[in-house]
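*Asks:* The sequence isn't on hand, but the structure is:
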């Protein structure tokens with residue numbers, strides 16, 4: 001199965017102006033998704049879809065293919081993503097480069113591993129589904145069997161349509177929500193159906209610790225905090241590894257620094 005990696009990045013953004021080029025951790029937001037996509041083993045090609053010349057130039061510098069310019073009419077706030085993906089497939093078809101499926105990777109989700117991309121593609125091959133999307137478990141207190149919707153008469157009804165809620169937490173069925181990290185969709189659904197994901201959608205649980213999907217300034221602040229915590233954790237780990245190697249490399253008879261590993265047989 002030939003899979004196209006498609007990164008949509010338009011120039012207009014009202015919540016965070018020019019967010020796809022805004023630096024996060026010292027490099028453009030777009031760079032995080034580009035790095036993941038190019039490292040994934042199951043993507044046959046990684047293409048950037050944009051109407052913006054500056055974003056296109058940055059994309060090329062990051063190693064992305066930019067074989068076409070997205071029409072401005074497909075770069076509005078309300079443009080359906082399905083239309084953007086259809087345009088990309090048609091443009092590549094016209095160039096003699098056809099694909100069986102599309103893996104959609106949006107730059108607004110900067111932190112995802114290439115292994116997650118590969119796992120979603122593998123799952124699409126394994127199950128009889130139109131699409132595979134990354135999902136996360138819904139906390140039990142928000143399970144649909146415990147969630148109520150308000151009707152026109154301002155009366156509450158269980159979201160599942162059941163007459164009464166499931167009383168015991170242990171009896172709740174697992175529920176999931178999509179997290180936006182990865183969408184892998186069969187071509188036939190995009191080009192021939194009426195739904196972007198089709199009727200048969202399978203999920204791949206994303207176990208990565210933190211979910212970041214940047215839409216508002218508060219999301220950007222969260223991304224910066226996550227990145228800062230990662231940098232700090234990596235620095236602490238590097239210092240520990242360095243200290244351990246230094247202790248092992250000390251010449252025989254040289255005293256270890258205070259707090260270093262205890263000598264074999266010493267009292268602890």
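*Replies:* Perfect, I can see it now. The structure presented is a predicted model; accordingly, all values stated were derived computationally and were not measured.

*Asks:* Could you look up the SS state of the closest residue to residue 104 other than its chain neighbours?
*Replies:* Leaving aside its chain neighbours, residue 104 sits nearest to residue 183 (4.1 Å; criterion: CB to CB, 6 or more residues apart in numbering). The way it works is simple: take the backbone N, C-alpha and C, and place the C-beta from them, glycine included. Taken by DSSP: H, G, I helix; E, B strand; the rest coil, the conformation at residue 183 corresponds to strand.

*Asks:* ok, residue 183 - contacts?
*Replies:* Counting by CB atoms under 8 Å, 6 or more residues apart in numbering, residue 183 makes contact with 102, 103, 104, 131, 132, 133, 134, 197.

*Asks:* tell me the mean pLDDT over stretch 10-22?
*Replies:* Mean pLDDT, stretch 10-22: 92.

*Asks:* Quick check: end-to-end length of that stretch?
*Replies:* End-to-end distance of stretch 10-22 (CA to CA, to the nearest Å): 13 Å.

*Asks:* ok, and what's touching it?
*Replies:* Contacts of stretch 10-22 with the rest of the structure, by CB under 8 Å, 6+ apart, involve 9, 28-30, 50-52, 54-55, 58, 70, 75-77, 107-108, 214-217, 220.

*Asks:* So which of those sit within helices?
*Replies:* 29, 30, 54, 55, 58, 217, 220 (DSSP state H).

*Asks:* The fourth one reaches residue 48, doesn't it?
*Replies:* Yes. Counting by CB atoms under 8 Å, residue 55 touches residue 48, with 7.5 Å between them.

*Asks:* got any residues that touch both of the two?
*Replies:* 9, 30.

*Asks:* how is the chain carved up into domains?
*Replies:* The record's domain parsing of the chain by automatic domain parsing lists 3-138+177-215, 139-174.

*Asks:* what pLDDT, on average, does stretch 183-200 get?
*Replies:* For stretch 183-200, the per-residue pLDDT averages 93.

*Asks:* End to end on it, go ahead and measure it.
*Replies:* Note: stretch 183-200 ends 13 Å apart using CA to CA.

*Asks:* Could you do stretch 158-174 as well?
*Replies:* Note: stretch 158-174 ends 16 Å apart using CA to CA.

*Asks:* what's the neighbour count on the residue nearest to residue 198 when sequence neighbours are not counted?
*Replies:* Take residue 198 and drop its neighbours on the chain: the residue closest to it by CB to CB, 6+ apart is residue 130, 2.6 Å away. Using other CB atoms under 10 Å, residue 130 has 19 neighbouring residues.

*Asks:* One more: residue 112?
*Replies:* 23.

*Asks:* Looks like it contacts residue 207 (just checking).
*Replies:* No. Applying CB under 8 Å as the test, residue 112 and residue 207 come out as separate, 11.6 Å apart.

*Asks:* Make TSV out of the domains of the chain and add distance to residue 224.
*Replies:* As requested, the domains of the chain are exported to TSV (distance: least, CB to CB, whole Å):
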stretch	distance to residue 224
domain 3-138+177-215	7
domain 139-174	25
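
*Asks:* Could you single out the most deeply buried of the ones you listed?
*Replies:* Burial of the domains of the chain is given as mean neighbour count (mean count of other CB atoms under 10 Å); domain 3-138+177-215 ranks first at a mean of 18.

*Asks:* Between the two ends of that domain, how far is it?
*Replies:* 27 Å.

*Asks:* Repeat that for stretch 6-14.
*Replies:* End-to-end for stretch 6-14, by CA to CA: 22 Å.

*Asks:* Then stretch 104-116?
*Replies:* Termini of stretch 104-116 sit 13 Å apart (CA to CA).

*Asks:* List the residue ranges of the stretch 151-268 of the chain that fall below the pLDDT cut-off.
*Replies:* 249-268 (pLDDT under 70).

*Asks:* Strands of that one, residue ranges please.
*Replies:* 156-158, 176-186, 201-205 (DSSP state E, counting those that start in this stretch).

*Asks:* Great, nothing more from me.
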